[in-house]
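Colleague: sequence and predicted model, in that order:
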Amino acid sequence: MRSGPLAESAVAPTTEKLYEGMFLLDSSKFASDPEGVTSHLMGILEKAGASAVAHRPWQDGKLAYEIEGRRKGLHYLIYFRMPGSG
């Protein structure tokens, strides 16, 4: 006896969406080890299931207020893709 057509998967397909992330970094850490800091950021994204499309330091300068004793910070911009809903 022949079976009927296969039922469609109950799992909805995931679509990857493009996101923009801005990270605030310690300027002195980035200045002393830019590759290490960048690698750490990419690791955080990969752990979350994201893949970087483009990334770069954006702005390094004085902060509006002190954060953990630091008055200066580096804004790091990353465009990445990861699964999203809807």
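Modeller: Great, that's in hand.
Colleague: now stretch 25-42: average pLDDT?
Modeller: Stretch 25-42 shows a mean pLDDT of 95.
Colleague: for the residue nearest in space to the middle of the chain, which three-state class applies?
Modeller: Using C-alpha atoms, centre = their mean, the residue of the chain that lies closest to the mean C-alpha position is Leu45, 4.4 Å off. Of the three states, Leu45 takes helix according to DSSP: H, G, I helix; E, B strand; the rest coil.
Colleague: which residue is the nearest non-sequential neighbour of it?
Modeller: Spatial nearest neighbour of Leu45, excluding adjacent residues (C-beta to C-beta, 6 or more residues apart in numbering): Phe80 at 5.5 Å. (Glycine included, C-beta is placed from N, CA and C.)
Colleague: go on, Lys17?
Modeller: Closest residue to Lys17 apart from its sequence neighbours, by C-beta to C-beta, 6+ apart: Gly84 at 3.7 Å.
Colleague: surely that neighbour and Gly49 touch.
Modeller: No. Using C-beta atoms under 8 Å, Gly84 is not in contact with Gly49, being 10.4 Å away.
Colleague: and the residue nearest to Lys17, what is it in contact with?
Modeller: Taking C-beta atoms under 8 Å, 6 or more residues apart in numbering as the criterion, Gly84 is in contact with 14-17, 19.
Colleague: ok, now Arg56?
Modeller: 76-77.
Colleague: quickly list what it is bridged to.
Modeller: When bridges are called by DSSP bridges, Arg56 pairs up with Leu77.
Colleague: and stretch 71-81, how far from the chain's centre?
Modeller: On the basis of C-alpha atoms, centre = their mean, to the nearest Å, stretch 71-81 sits 10 Å off its chain's mean C-alpha point.
Colleague: okay, the contacts of Gly84 in CSV with secondary structure next?
Modeller: As requested, the contacts of Gly84 are arranged in CSV below (three-state DSSP):
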residue, secondary structure
Thr14, coil
Thr15, strand
Glu16, strand
Lys17, strand
Tyr19, strand
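Colleague: neighbour count added to those, as CSV?
Modeller: Output for the contacts of Gly84, formatted as CSV (neighbours: other C-beta atoms under 10 Å):
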residue, neighbour count
Thr14, 11
Thr15, 10
Glu16, 13
Lys17, 12
Tyr19, 14
